[in-house]
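>>> Sequence first, predicted model second:
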Amino acid sequence: MLNSGISVLFEGTNFLRLLEGLFETLRVALIAVVISIVMGIIIGIIRTSKNKLVQIPFRIYLELFRIIPILVWLFVIYYIVPANFGLELSSELVALIVFSLWGAAEISDIVRGAIISLPKHQVESSKALGLGVVQMYRYVLIPQATKRSIPPMINLITRMIKTTALLTMIGFVEVIKVGQQIINVNNLEHPTVSFWIYGFIFFLYFCICFPLSRFSRKLEQKWAT
Amino acid sequence: MAEQVPILQVKGLVKKYGDKVVLNGVDLQVEKGKVIAILGPSGCGKSTFLRCLNGLEEVQGGDILLENKSLISKTTKWRDVRQKIGMVFQSYDLFPNLTVMENILLSPLKVQKRQREEVEAQAKELLARVGLADRANDYPRQLSGGQKQRIAIVRALCINPDIMLFDEVTASLDPEMVREVLDVIAQLADQGMTMLIVTHEMNFAKLVADEVIFMDKGSIHEKAPAQQFFSNPQTERAQQFLNILQF
């Protein structure tokens, strides 16, 4: 009885469709991650400024993404913005906007933290050697901050990949949506199908996220000195 | 020969943190080739004074003249000034992401835009002089505190400054490493480098300095040739200070 569901996995193109769904998940996550890293590094460096007028707006931006659930952000931009401004946004575009803004906010905080946690005398000795601000960041601060930023950045990427599961809710066809479709079709005939499909999706997420999380742990240990 | 213009002149320098006065009108003249030791109890403003001289602290009054040109103006390019006034700090401040050689070459290549071969040759010669020729490709974490501090001195020297500022460079070293760093500074004194040295090593100051400045509470209390200062301090405050140290 329990086994009957597993056959659905291999029926027709089901297996392939799930992998395609996973590919969609990863594609959106990857694009958002790349945009987040570029924007996050730039914003992170800007946020090391001591100027309150610079700090406060970025701080508000970061907190908005920390405090408000990502699902709410997705709904707001997917449903409310088009309804009020007459903009037609595809679910994929909404996903990229929300995930990139979220990722950039979090990465800016990682980068800023890494830079300001560097000892103050690194800045002073750079200055005493006549380095300009750009040279100081390029040759001294950023190389050191990168090392400190990479493990938490990988952890964030893992979180972003997992959070793409929410995209189901705005109708974006990723791996979970595909799974739900397969389950809906086969549920009557094979009552255990949801166990097998979600089990398989569980396995897929594990295969992607576990190596990432291990990798970041390894780097942390290696660079702990 | 005509009277030589002092390479560095400080006139009535005032530094405040908020309402707190750290330097209260400091005057000083430094002739080329002179070694000046700056002594005084902790918190007397001696480190702050050095930091003002190469623009790490903003000053609230007075003037600093380098080769007769005022540095206290909006148009001062501190980046250029710092190539003439080198500084070494108490903390071992090498860049941990760069090798010893990269640390030394960074400023000459990127700031001064000099030729790599020429700078490398100079760096090697300086490293040999401080006894660390074989450490060029090491990273700072592979070096002892004393070695790091000697490299930091080489790094500052490789910019070919006219004046060197030393801010308690031996204060955080293990006692057995103090000597190797002081030897390097003494060598520089012999070569005629103009230096301002903030230190707690009294014997070293006595030996190396031409002139001693005793600071307390943000101003200079006594200024005298080194031998005279140690054998016969004029002010009561300096006498007290020296007595405390003679344990």
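Right, received. Where do you want to start?

>>> Roughly how far does the residue sitting nearest the centre point of chain A sit from chain B?
Centroid-nearest residue in chain A, with C-alpha atoms, centre = their mean: A:Met160, separated by 2.5 Å. Here the criterion is C-beta to the nearest C-beta, to the nearest Å. By it, A:Met160 lies 28 Å from chain B. Using the backbone N, CA and C atoms, a C-beta is placed for each residue, glycine as well.

>>> was I right about that residue contacting A:Val33?
Yes - here A:Met160 reaches A:Val33: they are 6.1 Å apart, a contact under C-beta atoms under 8 Å.

>>> Overlap of the contact sets of those two?
Residues touching both A:Met160 and A:Val33 (C-beta atoms under 8 Å, 6 or more residues apart in numbering or on different chains): A:Gly103.

>>> Please name every helix or strand in contact with whichever helix or strand the residue nearest to the centre of chain A is part of.
Using DSSP states H and E, the element containing A:Met160 is helix A:142-163. Judged by 3 or more C-beta pairs under 8 Å, 6 or more residues apart in numbering or on different chains; DSSP states H and E, helix A:142-163 is in contact with helix A:14-46, helix A:91-116, helix A:193-222.

>>> before we move on, back to that, check contacts around the residue nearest to the centre of chain A.
A:Ala29, A:Ala32, A:Val33, A:Ser36, A:Phe99, A:Trp102, A:Gly103.

>>> Dump these into a markdown table; add distance to B:Phe229 as well.
Output for those, formatted as a markdown table (distance: C-beta to C-beta, whole Å):
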| residue | distance to B:Phe229 |
| --- | --- |
| A:Ala29 | 70 |
| A:Ala32 | 68 |
| A:Val33 | 64 |
| A:Ser36 | 62 |
| A:Phe99 | 68 |
| A:Trp102 | 64 |
| A:Gly103 | 62 |
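
>>> Would you mind measuring from A:Ile77 to B:Val35?
Noted for A:Ile77: a distance of 68 Å to B:Val35, by C-beta to C-beta, to the nearest Å.

>>> Neighbour count for those two, which is higher?
B:Val35 (25 against 19; other C-beta atoms under 10 Å in any protein chain shown).

>>> Isn't that one up against B:Asp210?
Yes - B:Val35 lies in contact with B:Asp210 (C-beta under 8 Å); the separation is 5.1 Å.

>>> distance between whichever strand or helix holds B:Gln147 and the chain's centre?
Using DSSP H and E, B:Gln147 falls within helix B:145-157. Using C-alpha atoms, centre = their mean, to the nearest Å, the mean C-alpha position of helix B:145-157 is found 13 Å from that of the whole chain.

>>> can you pull the alpha-carbon coordinates of the helix or strand following it into CSV?
Moving toward the C-terminus from helix B:145-157, the next helix or strand (DSSP H and E) is strand B:163-167. Coordinates of the C-alpha atoms in strand B:163-167 are reproduced here as CSV (Å, rounded to 0.1, in the frame of the first residue of the first chain):
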residue,chain,number,x,y,z
ILE,B,163,61.0,62.3,9.9
MET,B,164,60.0,59.2,11.8
LEU,B,165,57.5,59.1,14.7
PHE,B,166,57.6,56.2,17.1
ASP,B,167,54.6,55.8,19.4
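
>>> Strand partners (parallel or antiparallel) of strand B:163-167?
strand B:85-88 (parallel), strand B:194-198 (parallel) (DSSP bridges).

>>> name the helices or strands packed onto the following helix or strand past it?
Using DSSP H and E, the next helix or strand after strand B:163-167 towards the C-terminus is helix B:175-190. Applying 3+ C-beta pairs under 8 Å, 6+ apart, we find helix B:175-190 packed against helix B:145-157, strand B:194-198, helix B:202-208.

>>> would you turn these into JSON lines with mean pLDDT and mean neighbour count?
Converted to JSON lines, those look like this (pLDDT from 0 to 100; neighbours: other C-beta atoms under 10 Å in any protein chain shown):
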{"stretch": "helix B:145-157", "mean pLDDT": "92", "mean neighbour count": "23"}
{"stretch": "strand B:194-198", "mean pLDDT": "93", "mean neighbour count": "25"}
{"stretch": "helix B:202-208", "mean pLDDT": "87", "mean neighbour count": "16"}
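
>>> Next, format the ones you listed as CSV and append distance to A:Pro82.
Converted to CSV, the helices and strands packed on helix B:175-190 look like this (distance: least, C-beta to C-beta, whole Å):
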stretch, distance to A:Pro82
helix B:145-157, 59
strand B:194-198, 66
helix B:202-208, 75
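
>>> Pull up the gap between the residue most central in space within chain B and B:Ser231, please.
Centroid-nearest residue in chain B, with C-alpha atoms, centre = their mean: B:Leu165, separated by 1.6 Å. Distance, B:Leu165 to B:Ser231, using C-beta to C-beta: 27 Å.

>>> With A:Gly103 instead?
Distance from A:Gly103 to B:Ser231, by C-beta to C-beta: 69 Å.

>>> for A:Ile70, same thing?
75 Å.

>>> next SSE after the helix holding A:Met160?
Using DSSP H and E, the helix or strand that follows helix A:142-163 towards the C-terminus is helix A:175-186.

>>> Near chain A, which residues of chain B are found?
Contact residues (C-beta under 8 Å from any C-beta of the partner chain) of chain B with chain A: B:54-56, B:78-80, B:82-83, B:86-87, B:89, B:91, B:93-98, B:106-107, B:110-112, B:141, B:152, B:155-156, B:159.
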